[in-house]
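>>> Structural data only, the sequence is not supplied:
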C-alpha cells in the first residue's frame, strides 16, 4: 500500500482546511521552518505539496531541491515571495487565495483611516496616562473628503464601496482598468493619472502587488506632490513605499500622517524612525488576519492543494491548474 502524499507547511498556518488535509495526507507542520534554511531544503526534497504564507522565500534554488513537488499553496492574495518563473519551469502549480481576505483588508483600511482622522491612538494613550486634552485630539470628518485608491482591484474595489457609504469622493489610479470596467462603474470611482491622484487625495490607500514597476513608487518625489493635510494608508506590500522618505516627509510636515500595516522589512527594526511619530499608526501585517478571512483563505488553498494532489485542476492558480512535470514553461 502506497504511503500518503506529504504536505509540508513551513509557517504558522492552521484551520479547518488544514485539518481536512490531515485526514488524507501526511502533513508536516513546523511554524518556524521558514527560518531554517537547511532544514527547509531537506524537508522539501520529499514533499508533494508546500503550503506557505508570506515569510517563506520559495526561490529557484529551493525548488531545485524539490524532487516530487506538485503544488505550492500560498495562503494570501500576494505571491511575491514565490519565484513563479522557477515554479513554472519546474512544472509546479502555484495556487493562492486571490480575494478570500479582501473584505477583512478593506475593513482594516477603514479602521486605520478613521483612527487617523479622529486621532484615536494618541487620544487613547493620553487618557490612559491621566490626560484629558480635548483640543489636541480634535479630528476631522471624512464625509466629503477625497479618497484616492492606488490599485482598484479586488481589495481597492471593496474599499471604494465602503467609502461611498461614508459620503467620500472617490478617485483611483489603475492602468489596467478603463472607465467602463466593472470595478470603476460599480464603485463610483473616477480614474485619474497617478500624479493627479497624489495631488487631490485627502486619504490615499495603496492596493498594489509588489513588482519592479511598483517597488518604491511612493517616495520623496511622490510625497512632495501630496497635500500637507493628506493621510497615507498602506496595507499592500511594504516595499512599495520608501520608509526613509516617508519619515523625512512626516518630519517636514509634507503629510498629516500615515498608517502602515506592512513594512519594508518584517518585522521592522525597533529603531525605525517611524516609531517615534504620534501621527503614524502601525499594525503588524494583520489586515487580512481576521478569524473569518483566515478560515476562507486557508480553506481555499487547502481545497486546491487537495485537488492537485488528487489529480484534479486547481481552481485558483497563478500559472497553470495541473502539474507539468518535465516541461519547460
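Thanks, I have the structure now. As the structure is a computational prediction, the values presented were derived from the model and not from experiment. Numbering: from 1, shown residues only.
>>> three-state assignment of residue 62?
Following DSSP: H, G, I helix; E, B strand; the rest coil, the label given to residue 62 is helix.
>>> Quick check: it vs residue 290, distance?
Counting by C-beta to C-beta, to the nearest Å, the separation of residue 62 from residue 290 is 30 Å. Placement of C-beta: from N, CA and C, glycine included.
>>> quick one: contacts for the residue minimising distance to the centre of the chain?
Central residue of the chain (C-alpha atoms, centre = their mean): residue 236, 4.1 Å from the mean position. By C-beta atoms under 8 Å, 6 or more residues apart in numbering, residue 236 lies in contact with 78, 151, 155, 206-210, 262.
>>> Quick one, which of those are buried?
78, 151, 155, 206-208, 210, 262 (16 or more other C-beta atoms under 10 Å).
>>> List phi and psi for the residue nearest to the centre of the chain.
phi -100, psi -80 (degrees, to the nearest 10).
>>> in the stretch 101-250 of the chain, which segments are predicted with low confidence?
Low-confidence regions of the stretch 101-250 of the chain, defined here as pLDDT under 70, do not occur.
>>> where do the strands sit along it?
Ranges of strands in the stretch 101-250 of the chain, per DSSP state E, counting those that start in this stretch, are 146-150, 169-173, 190-191, 203-206, 231-234.
>>> how about the ones you listed, which one is nearest residue 10?
When these are compared by C-beta to C-beta, strand 231-234 sits nearest residue 10, at 26.0 Å.
>>> Does anything pack onto that closest one? Which helices or strands?
If you count contacts as 3 or more C-beta pairs under 8 Å, 6 or more residues apart in numbering; DSSP states H and E, strand 231-234 packs onto helix 102-117, strand 203-206, strand 257-260.
>>> Please work out which of these is packed deepest.
strand 203-206 (a mean of 26; mean count of other C-beta atoms under 10 Å).
>>> what lines up beside it in the sheet?
Note on strand 203-206: by DSSP bridges, its sheet partners are strand 146-150 (parallel), strand 231-234 (parallel).
>>> Just the ones of the buried ones among the contacts of residue 236 in helices?
Taking DSSP state H, the ones among the buried ones among the contacts of residue 236 that sit in helices are residue 155.
>>> from the buried ones among the contacts of residue 236, which is closest to residue 56?
Of all the buried ones among the contacts of residue 236, residue 78 has the smallest distance to residue 56: 12.8 Å, by C-beta to C-beta.
>>> Quick check: the gap between that closest one and residue 67.
According to C-beta to C-beta, residue 78 and residue 67 sit 27 Å apart.
>>> And the buried ones among the contacts of residue 236, which is closest to residue 186?
Nearest to residue 186 out of these is residue 155 (C-beta to C-beta; 14.6 Å).
>>> shouldn't that closest one be in contact with residue 208?
No: between residue 155 and residue 208 there is no contact under C-beta atoms under 8 Å: 10.0 Å.
>>> For the lengthiest helix in the chain, list every residue counted as buried.
Longest helix in the chain, counting residues (DSSP H): helix 291-309. Going by neighbour count (16+ other C-beta under 10 Å), the buried part of helix 291-309 is 293-294, 296-309.
>>> what's in contact with stretch 312-323?
Residues outside stretch 312-323 that contact it (C-beta under 8 Å, 6+ apart): 70-71, 74, 79, 82, 84, 87-88, 91-98, 300-301, 303-304, 307-308, 329.
>>> how about a cut-off of 10 Å?
Applying C-beta atoms under 10 Å, 6 or more residues apart in numbering, the contact partners of stretch 312-323 are 48, 69-74, 79, 82, 84-85, 87-100, 300-301, 303-309, 311, 327, 329.
>>> ditto for stretch 124-137
By C-beta under 10 Å, 6+ apart, the residues outside stretch 124-137 that reach it are 115, 118-123, 278.
>>> Would you confirm that residue 299 contacts residue 73?
No: contact between residue 299 and residue 73 fails when scored by C-beta atoms under 10 Å: they sit 11.1 Å apart.
>>> Thanks again, I'm all set now.
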